[in-house]
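Participant: dropping the sequence and predicted coords here.
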Amino acid sequence: MTESASPHISMPRITVLKVQPGDPPYRLVEIDGEVVSAATSMTDVLSTAAAAGIRVHDLDDPDVIRWVGGGKFTWRLH
């Protein structure tokens with residue numbers, strides 16, 4: 001008898017969406033599926049997380065944060 005192992009797909013609490021046009025350009029930040037702020041830098045993302053009581057130790061940890069439409073260094077439209 002074999003057991004099928006289903007891969008664990010975690011949904012991170014924080015999602016940073018793609019860059020939006022603006023002056024300056026910004027990215028919307030969702031926490032637990034709800035848009036909570038607009039960020040113009042990684043610092044804004046960390047501040048938003050801290051305000052929600054979420055500690056981010058690694059911006060590259062996919063279990064904590066998901067970057068959509070570019071990584072943590074993408075803050076301008078191409």
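Facilitator: Yes, it's here.
Participant: which ones are touching the residue nearest to residue 21 when sequence neighbours are not counted?
Facilitator: Once flanking residues are discounted, residue 21 sits nearest to residue 77: 6.1 Å by CB to CB, 6 or more residues apart in numbering. Any C-beta I mention is one placed from the backbone N, CA and C, and that applies to glycine too. Applying CB atoms under 8 Å, 6 or more residues apart in numbering, one finds that residue 77 lies in contact with 19, 21, 25.
Participant: return the distance of stretch 10-29 from the chain's centre.
Facilitator: Mean C-alpha position of stretch 10-29 versus that of the full chain (CA atoms, centre = their mean, to the nearest Å) differs by 7 Å.
Participant: sorry, that was for stretch 56-68
Facilitator: If you compare the mean C-alpha spot of stretch 56-68 with that of the full chain, they lie 6 Å apart, counting by CA atoms, centre = their mean.
Participant: so what would you say the end-to-end distance of that stretch is?
Facilitator: In terms of CA to CA, to the nearest Å, the two terminal residues of stretch 56-68 are separated by 17 Å.
Participant: so which bits of that stretch are buried?
Facilitator: Buried residues in stretch 56-68, counting neighbours by 16 or more other CB atoms under 10 Å, are found at 56, 59, 64, 65, 66, 67.
Participant: returning to that earlier point: most neighbours among the contacts of residue 77, which one?
Facilitator: For the contacts of residue 77, neighbours were counted using other CB atoms under 10 Å, and residue 19 has the most, 20 neighbours in all.
Participant: helix, strand or coil for it?
Facilitator: Secondary structure assignment for residue 19 (DSSP: H, G, I helix; E, B strand; the rest coil): strand.
Participant: from what I see, it and residue 68 are in contact.
Facilitator: No. Under the criterion of CB atoms under 8 Å, residue 19 is not in contact with residue 68, lying 9.9 Å apart.
Participant: all good on my end, thank you.
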